[in-house]
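Asks: Mind looking at a prediction? Sequence and model below.
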Amino acid sequence: MFNVTVLRLKDIVKYIICIFVLILLIFSITNYFSGTKKNTEQVTQKVENVTNQLSSHSLLSCLDATLPVVASINHSEEKEKEKLSENDILKSMLETQISSIEEIQNMEVSETEGENTENANETEQEAELATTDVGTEVITNNPIAENYNAQYGNVKIRNQTDYELTQEMLTPDITIENKNIMIFHTHSCESYTSSELYPYTPTGNFRTTDLNFTVTRVGTELTNQLQQYGYNVIHDTSYHDYPSYNGSYTNSLKTVESLLQTNPSDIIIDLHRDAIGSRSDYAPTVKIGDEEAAQIMFVIGTNAGGLWHPNWNQNLKFAIKVQEKAEELYPGLFKPIMLTTSRYNQHTGKYANIIEVGATGNTLEQCLTSMKYLAKVMDEIMK
């Protein structure tokens with residue numbers, strides 16, 4: 001059997017109308033949403049434009065646009081900032097150039113210092129050492145008469161103590177093992193007669209604080225000479241008598257004790273200039289070959305004044321040993337040894353002593369010459 005569906009015309013029309021309405025509705029909805037998207041894009045674009053304008057214009061820009069006076073002020077400030085900025089740039093460039101120039105100058109100074117050091121070393125290496133077998137003669141004008149009351153061979157001694165010096169006490173039977181040498185100056189400012197070669201402005205009676213013209217400079221010469229013979233020499237150039245002369249020996253004792261902690265030395269020389277004496281023009285001088293040299297004198301302290309000083313006799317033996325050799329090589333280079341009741345800090349060393357070089361009437365060049373011969377003598381007894 002067959003099932004037959006009968007469609008009426010009225011129903012067909014109704015279905016067509018519904019479909020048409022549905023299509024129209026879909027089309028309307030599509031158009032609506034499409035228009036909304038377009039409007040949204042337009043709004044977004046407008047917002048972006050406003051944001052860009054706000055970001056490119058500050059409040060001051062807005063004021064500039066509104067008030068011409070404000071615009072003028074702001075424009076002036078901008079020019080000033082530009083000018084300051086340019087000045088900063090120029091300043092920075094200038095500082096860079098100055099820094100570069102300073103670096104170059106520092107390099108030049110370093111090179112110059114290096115050259116000066118090399119020249120100084122060359123000077124020390126080329127410094128003339130003393131020779132022997134030369135004629136020696138004391139040429140002191142208006143000399144002060146020698147005063148001595150003891151003698152060992154050709155070595156004369158002025159004994160100012162109550163000790164009776166026996167032959168055993170005077171015999172220089174010592175062996176110098178520690179050959180380190182310390183040189184310092186209790187009276188650092190003692191100076192000499194000004195000369196054409198070494199003129200200076202005194203700051204006292206034959207005294208100056210300029211150590212280039214004092215007995216300190218003589219110590220430097222002795223140091224250089226001894227170093228050329230291969231000895232280890234410590235030369236302290238501290239002021240001990242300035243600003244106050246009183247307490248000089250207390251000050252120098254501190255220096256010596258401090259140096260001995262790191263530089264153990266048996267030979268300790270306190271280098272002085274002889275006191276003025278009876279005449280300010282007193283200039284004890286000896287001619288060695290063709291050179292004039294200031295005479296030298298040992299001053300040896302003892303415990304006769306009551307201070308602890310157990311090794312004073314060793315100090316005396318050292319002075320006699322040196323002077324004995326000097327009388328052999330350069331007779332007259334030394335004046336008689338002075339043995340005193342004072343200690344003079346000589347308890348600090350096995351062979352400690354005071355060496356007085358020249359007097360107020362001598363010139364600095366005469367005293368520097370003496371150091372050449374003193375170094376030679378010391379080297380001879382320590383070989």
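Replies: Everything's here; your move.

Asks: Could you check how many residues crowd around the closest residue to Gln295 other than its chain neighbours?
Replies: Among residues not flanking Gln295 along the chain, Pro284 sits closest, at 3.7 Å (C-beta to C-beta, 6 or more residues apart in numbering). All C-beta atoms are positioned from the backbone trio N, CA, C, and that covers glycine. A count of neighbours around Pro284, defined by other C-beta atoms under 10 Å, yields 26.

Asks: try Lys254
Replies: 12.

Asks: could you say what helices and strands the helix or strand encompassing Ile320 packs with?
Replies: Per DSSP states H and E: Ile320 is located in helix 312-329. Counting contacts by 3 or more C-beta pairs under 8 Å, 6 or more residues apart in numbering; DSSP states H and E, helix 312-329 is packed against strand 155-159, helix 167-170, strand 296-300, strand 337-339, strand 351-357, helix 364-382.

Asks: mind checking how far it is from the chain centre?
Replies: Helix 312-329 has its C-alpha centroid displaced from the chain centroid by 37 Å (C-alpha atoms, centre = their mean, to the nearest Å).

Asks: What residues of it count as buried?
Replies: 312-327, 329 (16 or more other C-beta atoms under 10 Å).

Asks: per-residue confidence averaged over the helix or strand Ile23 falls within?
Replies: Ile23 is part of helix 9-56 when elements are defined by DSSP H and E. Over the span of helix 9-56, the pLDDT mean works out to 63.

Asks: re earlier: if we compare the helices and strands packed on helix 312-329, which one ends up closest to Leu25?
Replies: Leu25 lies closest, by C-beta to C-beta, to one member of those: helix 364-382, at 126.7 Å.

Asks: what is the rounded mean pLDDT of that closest one?
Replies: Rounded mean pLDDT across helix 364-382 is 98.

Asks: pLDDT at the closest residue to Ala375 other than its chain neighbours, what is it?
Replies: Closest residue to Ala375 apart from its sequence neighbours, by C-beta to C-beta, 6+ apart: Gln225 at 3.5 Å. As predicted, Gln225 sits at a pLDDT of 98.

Asks: what angle do the helix or strand containing Gln225 and helix 364-382 make?
Replies: Using DSSP H and E, Gln225 falls within helix 215-228. Taking axes from the mean of the first three to the mean of the last three C-alpha atoms, to 10 degrees, one finds that helix 215-228 is oriented at 40 degrees with respect to helix 364-382.
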